[in-house]
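Enquirer: With the sequence up front, the predicted model follows.
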Amino acid sequence: MIESFRLRDLEFKNRILVASGTFGYGNDVPDLVDIAKLGGVVTKSLSMKARDGNPSPRIAETASGMLNSIGLANIGVHKFIAEKLPALKNHETKIIANIAASSVGEYCAVMEILDSQEGVHGFEINVSCPNVKEGGLSFGTDVKLVSLITKELRHRTQKPLIVKLTPNVTHISEFARACEAEGADAVSVINTVIGMAVNINKRTPKIATTTGGLSGPAIKPIALAKVYETVNAVKIPVIGIGGIVSWEDAVEFFIVGASMVQIGTANFINPATGVTVAEGVKKYCGNNGLDDVGKLVRTLQTNKTISIVDSWL
Amino acid sequence: MIESFRLRDLEFKNRILVASGTFGYGNDVPDLVDIAKLGGVVTKSLSMKARDGNPSPRIAETASGMLNSIGLANIGVHKFIAEKLPALKNHETKIIANIAASSVGEYCAVMEILDSQEGVHGFEINVSCPNVKEGGLSFGTDVKLVSLITKELRHRTQKPLIVKLTPNVTHISEFARACEAEGADAVSVINTVIGMAVNINKRTPKIATTTGGLSGPAIKPIALAKVYETVNAVKIPVIGIGGIVSWEDAVEFFIVGASMVQIGTANFINPATGVTVAEGVKKYCGNNGLDDVGKLVRTLQTNKTISIVDSWL
Amino acid sequence: MKQDIVPIHSVQFITNEIIELTFISDYLSAAAKPGQFINIRVGENFPLLRRPFSIFNVEGSRVSIVFNVIGTGTKVLARKQKGDTIDVLGPCGNNFLSFVDDSFETAIFVAGGIGVAPFPFLTKKFPASIKIVTFLGGRNKELIIEKGLQNVRIATDDGSQGFNGTVLDLIKDDFSKHRYIKPRFFVCGPTRMMKAVAGYAKEIGADCFASLECDMACGIGLCQGCNIEMNGGEKKYRLVCKEGTIFDTQSVKL
Amino acid sequence: MKQDIVPIHSVQFITNEIIELTFISDYLSAAAKPGQFINIRVGENFPLLRRPFSIFNVEGSRVSIVFNVIGTGTKVLARKQKGDTIDVLGPCGNNFLSFVDDSFETAIFVAGGIGVAPFPFLTKKFPASIKIVTFLGGRNKELIIEKGLQNVRIATDDGSQGFNGTVLDLIKDDFSKHRYIKPRFFVCGPTRMMKAVAGYAKEIGADCFASLECDMACGIGLCQGCNIEMNGGEKKYRLVCKEGTIFDTQSVKL
Ligand SMILES: Cc1cc2nc3c(=O)[nH]c(=O)nc-3n(C[C@H](O)[C@H](O)[C@H](O)COP(=O)(O)OP(=O)(O)OC[C@H]3O[C@@H](n4cnc5c(N)ncnc54)[C@H](O)[C@@H]3O)c2cc1C
Ligand SMILES: Cc1cc2nc3c(=O)[nH]c(=O)nc-3n(C[C@H](O)[C@H](O)[C@H](O)COP(=O)(O)OP(=O)(O)OC[C@H]3O[C@@H](n4cnc5c(N)ncnc54)[C@H](O)[C@@H]3O)c2cc1C
Ligand SMILES: Cc1cc2nc3c(=O)[nH]c(=O)nc-3n(C[C@H](O)[C@H](O)[C@H](O)COP(=O)(O)O)c2cc1C
Ligand SMILES: Cc1cc2nc3c(=O)[nH]c(=O)nc-3n(C[C@H](O)[C@H](O)[C@H](O)COP(=O)(O)O)c2cc1C
Ligand code: FES
Ligand code: FES
């Protein structure tokens, strides 16, 4: 059974990664997860300086999902290199550094610092960050800015460059096309969906920042639809993310067309979800006569007789 | 306790309506629901001609939600008037006709037919329909078209005109502003969220049209965030829809700023949800010293010290 | 039709795979007709939608259903016990008796797997004047229930009980040996099996009425999610939950 | 720290409102320290997130927690029974014993409501050389558990047991009557109560260590969702689940 997947020059041992912000820097789970069984670990988003993050409460549970507004709390790129990377790179897996920033310049600067680090195998760019220049509007909703960020970063690394897209746009495929045009090696689809919840006793938002990012099984249907839209728009690989808690969920993403998947919220419930997903996907392929997980990718059979014009909801 | 709400010249006895497509034409539930206890009934979307709708399967359950792609199956406006309206208008409640169409002309034509009907108290316009002229792209994602539809319809009726917005856009507030500018009396927020699900045994989509509309508790956080964005953008009333199954859910929407709410998917589980929600909201207001449900609207206390630029997810 | 919270009287395995759940409802026990279903809210929060179950038996004020554990809903249901309550909505759908008239003399009941569910109650309520022959098919003997049925012939895929083969093979075999006067088929089971039986019925010139299965969101005509395509006629689709679940198999595209 | 599926030994009401759930785990019974918590997957699908519970008691290989039914998770947990299994992850967080040293002589345990949970196990493991006085507060007597505690003084909001008033009122009253030598406070309960007790401790110049409560997504440091603001120091926030749950109350903004 072939489980591996290659992105540029980087070979992942399997197609299952853990998502940014849901696995720390890999150092909180040594007893709980055999990290070597994961295709890769995407780090918590790293910014130039350490960020304290948002006030509490930062999380709230919702029906089959959760809201978060951590505020990209992170130790900053320098401390990451000094304190976390040494242990992290000992694991037999690939490390993808996720970068967050509040200006195009900061994205570039953080990447330049990380690119020379041997233990950093590739990059995922979190564009769901507020653009300070534009009064805080997210980079990720402006296709020109996403283009620009991709272009600037592409010059700065030979390692795999993945852009992580936000679902909070009308046509995610436009953004994926822009990334492809500027040389991104892949796009990750999706980051969290904007949501909110209210404490009806206090009449306050359940998280301090009023709105936050919705994740978990609740958003899986949304993520699958966004992946479907994206794989129909670009040729570069799409990394599916959103609500995966079981291998069956991952198989759905592969069938729709994701080349890899990431596990997010599920890590909070079962930190070893990635490992059981990898095992389950392998078994499913075996049972279905596929000798390469890649042969599962984009095998969706759709009903071709239904035209878009007919498909009113 | 004041429960009523006025929109233009129309007085709803309370602020709880049942949502389009989730209550038929009111004739399937006589034994199960005391319709007179609802503020109003929004009809299934009506088009000029009867529509068969989409092939099966049309629905699939998801985590705390469901996908549907009914295809706006409906009996057409003429049959509605001849066969359904006579019984429907006997109920002591307000009837809002929801209109769907595949061209601006069809929206106008359907409204002209309905406007003269005495039992039709107002209109809700479903703009989440494919624009045949544009190859099937949804009207609801093009702010110019939503403007145009609102403007054309506003000329044609003195009854309340509500535009029902789709959440599948980057900034729903732009659409709400356009509706307000063209004289809409209110906007309904939200219609279903695009989603999909896959049958991993058959490797087919779980609904025939591949993607469909996600509804139910899973989308409540998304709906609340969209309502929040909208109430901060317009002065006209916002009708909150999405995932309401309990009075507590409805209270969340009122606190965020919805002036009325609609119950959708919950009707499939408990057809009388609207009645229990109305009772629960009234009781909550009583317990909290509010003598008018309207006094609950937009009472959310947010943390003003957090700036947008700081509020990274 | 009514929505009600009712007390559970018992939950027990009646084969190694099939559970019978009995609850008490004066209303449903009086109102239910054979072939109708009830729509059960399995859990308070999960799963979201109700699950439809055929009425299996009615005795006094006790109503029962049978099911096998296949997914989230039936897993939760299997954990219920005496003293718990469940939220039931029904009775829903049309019923088999409305397809009973003078134009046939032998009722051929055909059940596949858990599709046996409506037949004991139907047998009980069937006009005594009409002869019933019942064909049961299942993967193995754990999916076979004979109680409350008449003139039962059994087929299992693995041969663990009765005829070794499909229920249609058994029917054909049986029909080659016996002469049934003016037969009419009443069928419930997996779609593929119903389609096969409907084809055979057509071949031998018999009517065939089948209780269709499909995913339902509401079960009462509100969502339009349960459409079945018709073979011509005025409407392209009908709603399984409201205009069915039982259809003349010649009228629908199975 | 380990994630494990463990068998339930018993589930029983120990007051009219509080349930004790006991399960069997060789690992946890050996590894758990007083003040630590375990994170329980309450249901397979619902609710989504684990729920944290303090370790209430350890006896042999049996570990127990106590809870009162307040929401979705505890409702599901209350329905568990002997023979079921639960998915537990732990032990999580720091523990009270790491705040035990030579610089105090009387341990003042203060529990509000279900915040009593960690104290019986703490009492059992506490150095015998140190005197313990335990103050319990609750809405009413159904929220009071005395078992396993030492020198218990009780306050209830409704006066149904012990002192009629808040636990702080009781402490003040008690402290005015007795002289406790070098007291140190160990507190668990609602945030407002902990804040009040911390204020009093500061007033009388005593140390105070409180086990903080907050919503948690992971309980093990992965999500950064459980931040508490610090009173100065190097970091603005710390994680309650990993760097706590027990903090010197002077170091945090309660
Ligand atoms: C009118 C009507 C009457 C019914 N009567 C009965 C009855 O009397 N007894 C009974 O047990 N069931 C009956 N069913 C089916 C029942 O409603 C449930 O769908 C079924 O029990 C599965 O529910 P679940 O939540 O456990 O599975 P789900 O979690 O909904 O499904 C689990 C998996 O099983 C698949 N699946 C669903 N149904 C079947 C099936 N029939 N065979 C194989 N795979 C399936 C699903 O696609 C899914 O992948 C009836 C259905 C209808 C429409
Ligand atoms: C470290 C730690 C240890 C804990 N130890 C225990 C323990 O030993 N025993 C125990 O019973 N609980 C304990 N809790 C709380 C417990 O984890 C659950 O949050 C609590 O039992 C409610 O879960 P639920 O799913 O039933 O309620 P939910 O459905 O999550 O909440 C229902 C409603 O109650 C509110 N709510 C939540 N918690 C409280 C509360 N404490 N008081 C009032 N309202 C509340 C919620 O805001 C919500 O509106 C602990 C929490 C932490 C962080
Ligand atoms: C608590 C939390 C923190 C997150 N932090 C980050 C982050 O720092 N950077 C990022 O790109 N995505 C972050 N995400 C988004 C996830 O990586 C993932 O895209 C999203 O949660 C959807 O996947 P899921 O449904 O599997 O969780 C975070 C998600 C959660 C729940
Ligand atoms: C089965 C189904 C059919 C629907 N049909 C319509 C429709 O015809 N017109 C319309 O405007 N909205 C339609 N909707 C959308 C609902 O009115 C509502 O906006 C949406 O479901 C979100 O609310 P909910 O989460 O409470 O269901 C439909 C929704 C469902 C689930
Ligand atoms: S299941 Fe809703 S209409 Fe049939
Ligand atoms: S609860 Fe996740 S870091 Fe503390």
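Expert: Right, received. Where do you want to start? Ligands and ions are numbered 1, 2, ... in the order given.

Enquirer: Which strand or helix spans A:Lys283?
Expert: Secondary structure assigned from DSSP states H and E places A:Lys283 in helix A:273-287.

Enquirer: now A:Lys144
Expert: Going by DSSP H and E, A:Lys144 is in helix A:143-154.

Enquirer: Could you check the following helix or strand past that helix against chain B for contacts?
Expert: Once helix A:143-154 ends, the next helix or strand along the chain (criterion: DSSP H and E) is strand A:161-165. No. Using CB under 8 Å from any CB of the partner chain, strand A:161-165 stays clear of chain B, with a minimum separation of 11.9 Å. In short, each C-beta sits where N, CA and C put it, glycine included.

Enquirer: who does strand A:161-165 touch, helix- and strand-wise?
Expert: strand A:122-126, helix A:143-154, helix A:172-181, strand A:186-189 (3 or more CB pairs under 8 Å, 6 or more residues apart in numbering or on different chains; DSSP states H and E).

Enquirer: Now tell me what touches that strand from outside.
Expert: Among residues not part of strand A:161-165, those counted as contacts by CB atoms under 8 Å, 6 or more residues apart in numbering or on different chains are A:7, A:20, A:96, A:98, A:122-128, A:140, A:146, A:149-150, A:153-154, A:172, A:175-176, A:179, A:183-191, A:226, A:230, A:239, A:241.

Enquirer: partners of that strand in the sheet?
Expert: Applying DSSP bridges to the sheet, strand A:161-165 is found paired with strand A:122-126 (parallel), strand A:186-189 (parallel).

Enquirer: do the helix holding A:Lys283 and chain B meet at all?
Expert: Yes. Against chain B, helix A:273-287 shows contacts by CB under 8 Å from any CB at A:Tyr284.

Enquirer: Just the buried residues of that helix, please?
Expert: For helix A:273-287, burial by neighbour count (16 or more other CB atoms under 10 Å in any protein chain shown) applies to A:Thr273, A:Gly274, A:Val275, A:Thr276, A:Val277, A:Ala278, A:Gly280, A:Val281, A:Lys282, A:Tyr284, A:Cys285.

Enquirer: Next: stretch C:63-82.
Expert: Residues of stretch C:63-82 classed as buried by neighbour count (16+ other CB under 10 Å): C:63-68, C:72-74, C:76-78, C:80.

Enquirer: is it true that C:Pro47 touches B:Thr62?
Expert: No. In this structure, C:Pro47 is not within contact of B:Thr62 by CB atoms under 8 Å, at 10.0 Å.

Enquirer: ok, now which ones touch the nearest residue to C:Glu213 once chain neighbours are set aside?
Expert: Spatial nearest neighbour of C:Glu213, excluding adjacent residues (CB to CB, 6 or more residues apart in numbering or on different chains): C:Thr191 at 6.4 Å. Going by CB under 8 Å, 6+ apart, C:Thr191 touches C:Leu212, C:Glu213, C:Leu254.

Enquirer: ok, now how distant is the first one from C:Lys195?
Expert: Applying CB to CB, to the nearest Å, the value for C:Leu212 to C:Lys195 is 11 Å.

Enquirer: In terms of neighbours, single out the busier of these two.
Expert: C:Leu212 (21 against 17; other CB atoms under 10 Å in any protein chain shown).

Enquirer: out of the contacts of C:Thr191, which are inside strands?
Expert: Under the assignment DSSP state E, these contribute nothing to strands.

Enquirer: of those residues, closest to ligand 6?
Expert: Taking CB to the nearest ligand atom as the measure, C:Glu213 is the one of the contacts of C:Thr191 closest to ligand 6, at 43.6 Å.

Enquirer: for that closest one, what are its contacts?
Expert: Going by CB under 8 Å, 6+ apart, C:Glu213 touches C:Gly115, C:Pro190, C:Thr191, C:Val240, C:Thr245.

Enquirer: pLDDT below threshold where in the stretch 1-150 of chain C?
Expert: Judged by pLDDT under 70, the stretch 1-150 of chain C has no weakly predicted residues.

Enquirer: Tell me who's in contact with residue 206.
Expert: Answering for chain A, as no chain was given. Residues counted as contacts of A:Lys206 (CB under 8 Å, 6+ apart) are A:Pro57, A:Ala60, A:Leu67, A:Met196, A:Ala197, A:Val198, A:Asn199.

Enquirer: wrong chain, I was asking about chain C
Expert: Contacts of C:Ala206 (CB under 8 Å, 6+ apart): C:Phe104, C:Ile108, C:Pro183, C:Arg184, C:Phe185.

Enquirer: ok, the helix or strand containing the second one: who's next to it in the sheet?
Expert: Under DSSP H and E, the secondary-structure element containing C:Ile108 is strand C:106-112. According to DSSP bridges, strand C:106-112 has the following sheet partners: strand C:131-138 (parallel), strand C:183-188 (parallel).
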